[in-house]
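> What shape does this take:
(chains A and B)
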There are 2 protein chains.
Amino acid sequence: MRTDRIDGGITAPQGFRAAGLHCGIKANGAADLALVVSDLPASAAAVFTLNLAKAAPVLVSQDQLARSGGRARAIVTNSGCANACTGPQGLDDAREMVRLTATALACPETEVLVASTGVIGVALKMDAVRAGVPRVVAALNAEGGAHAARAIMTTDPFPKEAAVQTGTDFGTIRVGGMAKGSGMIEPRMATMLGYLTTDATVDPGMLYRALSEACRGTFNAITVDGEPSTNDCVFALANGASGVVIDEALYPALVEALKLVAHELALGVVRGGEGATKLVSITVTGAATDADAWTAARAIANSPLVKTAAHGADPNWGRLIAAAGRSGAAFILDRARVRIGPLVLFEQGRPFDERAPQAASYLQGRELAIEVDLGAGGRFSATVWTCDLSAEYVKINAEYRT
Amino acid sequence: MRTDRIDGGITAPQGFRAAGLHCGIKANGAADLALVVSDLPASAAAVFTLNLAKAAPVLVSQDQLARSGGRARAIVTNSGCANACTGPQGLDDAREMVRLTATALACPETEVLVASTGVIGVALKMDAVRAGVPRVVAALNAEGGAHAARAIMTTDPFPKEAAVQTGTDFGTIRVGGMAKGSGMIEPRMATMLGYLTTDATVDPGMLYRALSEACRGTFNAITVDGEPSTNDCVFALANGASGVVIDEALYPALVEALKLVAHELALGVVRGGEGATKLVSITVTGAATDADAWTAARAIANSPLVKTAAHGADPNWGRLIAAAGRSGAAFILDRARVRIGPLVLFEQGRPFDERAPQAASYLQGRELAIEVDLGAGGRFSATVWTCDLSAEYVKINAEYRT
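Take a look at the predicted model:
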């Protein structure tokens, strides 16, 4: 059993087509409507945002999955408008998007999922959607993954796609995926928009289990600004086109393949975070509990002082200690340790400031690894990926809407 | 009984002297050593940071208060170095600062409190402190509050001082104060550095109770960047020079006066927040519990998306809803309401986007009031003061140390 990266994204597995185009939601003419379709009936699973202000498409997709019993043929997505905080009209609009897509594809209405991303509180331009859906269906293509990946972007500086193939004793399966997300990113159980496809045969319950497992250390372990959004979801479709049936014996191979794709997409989201110039991994060790490890890692990863220090390549490790100390996790200063790249800058109550120049030089890099041991005597650890906080983030978000 | 603002700061009450000067800790020659002294024996109380990575001066001052049973004559403070994460040497240095001050003042060693603020993880320049303490004692002056307020500054753009007098049937009491703090600001039970003095007679237990009460809606209700620091403390000294003894009948008058001074200082800290151009009050109403009200208000007040929108005068109220929805507080979207200044922009599931231009114009102001009703049916509310997030914040913190 081995897994290799392959080219492409959501259409890399057999039996999937996709398309993306401009239908008229975005003012600048960029692509704003994406469609992913399985040619065969497919199992479907999804994880959704824990934000209590769930957007209309989130509520509709949850409902669709419940009604179909975990089956789906298509996921239709618009960018440029989140269709969140839009009241009953928003729900009607999301349902109409589903209906339009089902009609154009001639598939059961319950087997279409829907997602939206963009500005909150603005109504969807349904005229644009009505005209766009038949066109995007007509444009569906087995090479269309790249177009779909572009059409789900908002402030993303580049599209995020990944795919792998895994050889098993029963044949080869492929997993592909795409994601978007640049701001309002701190997925908890679910995340921004992520899409995973596979040509393995997987029953819906197992697909949900595999998806949840694959999200844990990937989509659920990233942050740009500590803001879980109203629209986060990760979808998985499994259409069986490879002929390989995933049973408990092959389950680990499927999870592994999903994880690899999810990892690459999740890191892509952080690399493409609003204003980001660096990818920073924050690893917390020596935590008394698993929850403490995650709490401290998230606190450090979301600290604006840590993120600005990373931006300025400033080896200001005191900010790492301060963030860990106020995180709520058990923390013992005299036993704590801070490592920036390969350099220990603080250990057993003692700073090693003579290493600061070396650390400053390490921090000039684009990919940084930071490790904080809480000194709490436990064996728990967690890694969260974050990015630096730049003046560009402020610029993007001060000017996003007006 | 009436309370009026008066000029001055910590030396406005009778029987207090202060001084501030440059002793050699800051490289740029700015004032970095401050001393506040009561001419009479005084009751003392303090609230300290909840950060588990407590700085050496915090540990030493806690210990001093325990030993003296709530008495103090002086508070010595240096800026430019936090003396945090400095191990046993840091504790020795803080204790030596206390000893030097007690010797120069010829007062009991247990009656000197100590505070530090500045970069974490760097040792105090004790040569500078040793030379500076006798000089700052020699400079003590009943008009010296303004000098002390400058000497405790780090990245603060301006000093924070306030004072009031309250007439009672038994005479007039005065409360004065000063504070510093510009970054790493989200006090929990305690806060950055705050100093309150009064010439009322108050026993130490009552002074602690009054201080805690005064901090709750003031120092504990502000945030610049959601980062409770390693060095936060608010001190109170009461020396009785006015001849007015505070008993339970006069206690409300004392608390009121402390609150007024603390409120003004706390808002000054936010106005002078790193890179801040606006003061924003976030009021949460309709919360199911008191804890929910504070949780949601803090989540909104610390949201980088809300803070950048305030900076850009962008009436992007969806970000307020998103932050409330992910805060962990009970929240019902269909019953929630968002108000920006006098304008309701979202109510009962319905956006009022036609009011966006008016809201954008309101947001051009320097002092903004934002209200979010969680729609959770409760009667609890909370107000937190925050500032906008500007590119200047990033610049200050990316370049603070290097």
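
> so where's the stretch 201-350 of chain A uncertain?
Residue ranges of the stretch 201-350 of chain A with pLDDT under 70: A:226-229.

> where do the helices sit along it?
A:204-216, A:251-271, A:290-302, A:304-311, A:318-325 (DSSP state H, counting those that start in this stretch).

> Over to the stretch 1-150 of chain A?
For the stretch 1-150 of chain A, helices defined by DSSP H, counting those that start in this stretch occupy the ranges A:56-68, A:87-105, A:126-138, A:145-151.

> Single out the most deeply packed of those.
helix A:145-151 (a mean of 26; mean count of other C-beta atoms under 10 Å in any protein chain shown). The way it works is simple: take the backbone N, C-alpha and C, and place the C-beta from them, glycine included.

> Please report phi then psi for the residue in the stretch 101-250 of chain A that chain B sits nearest to.
Nearest residue of the stretch 101-250 of chain A to chain B: A:Ile120, at 2.4 Å (C-beta to the nearest C-beta). Listed backbone geometry of A:Ile120 is phi -80, psi 140, with angles given as degrees, to the nearest 10.

> residues near the nearest residue to it once chain neighbours are set aside, how many?
Nearest residue to A:Ile120, sequence neighbours excluded (C-beta to C-beta, 6 or more residues apart in numbering or on different chains): B:Gly318, at 2.4 Å. Residues near B:Gly318, counting by other C-beta atoms under 10 Å in any protein chain shown, number 28.

> residues in contact with B:Gly318?
A:Ala82, A:Ala84, A:Cys85, A:Val119, A:Ile120, A:Gly121, A:Thr230 (C-beta atoms under 8 Å, 6 or more residues apart in numbering or on different chains).

> Over to A:Val36?
A:Ile10, A:Thr11, A:Phe16, A:Arg17, A:Ala18, A:Ala74, A:Ile75, A:Thr77, A:Ala148, A:Tyr195, A:Thr197, A:Leu237.

> And stretch A:350-364, what's buried?
For stretch A:350-364, the neighbour count (16 or more other C-beta atoms under 10 Å in any protein chain shown) marks A:Arg350, A:Pro351, A:Phe352, A:Arg355, A:Ala356, A:Gln358, A:Ala359, A:Ala360, A:Tyr362, A:Leu363 as buried.

> right, and the last one touches A:Ala310 too?
Yes - at 6.7 Å, A:Leu363 counts as touching A:Ala310 under the criterion of C-beta atoms under 8 Å.

> Overlap in contacts, those two.
Joint contacts of A:Leu363 and A:Ala310 (C-beta under 8 Å, 6+ apart) do not exist.

> pLDDT weak spots in the stretch 51-200 of chain A?
For the stretch 51-200 of chain A, the ranges with pLDDT under 70 are A:182-192.

> go again using 90 as the cut-off
The stretch 51-200 of chain A contains residues with pLDDT under 90 at A:51-55, A:82, A:84-87, A:117-122, A:153-158, A:160, A:162, A:167-171, A:177-196.

> Provide a list of residues in contact with the residue lying closest to A:Ala391 once chain neighbours are set aside.
Nearest non-adjacent residue to A:Ala391, counting by C-beta to C-beta, 6+ apart: B:Ala391, 3.6 Å away. Applying C-beta under 8 Å, 6+ apart to B:Ala391 gives the contacts A:Ala391, A:Val394, A:Lys395, B:Gly275.

> Against B:Ala45, how distant is B:Ala391?
For B:Ala391, the distance to B:Ala45 equals 40 Å [C-beta to C-beta, to the nearest Å].

> First residue to last residue on stretch A:61-80, what's the distance there?
End-to-end distance of stretch A:61-80: 19 Å, with C-alpha to C-alpha, to the nearest Å as the criterion.

> So the residue in the stretch 201-350 of chain A positioned nearest to chain B versus A:Ala329, what's the distance?
Taking C-beta to the nearest C-beta, chain B has its nearest neighbour within the stretch 201-350 of chain A at A:Gly318, 2.4 Å off. A:Gly318 sits 17 Å away from A:Ala329, going by C-beta to C-beta.

> any idea how far the residue with the largest distance to the centre of chain A lies from B:Gly80?
Distance from the C-alpha centroid of chain A peaks at A:Glu354, with 39.0 Å (C-alpha atoms, centre = their mean). From A:Glu354 over to B:Gly80 the distance is 20 Å, taken as C-beta to C-beta.
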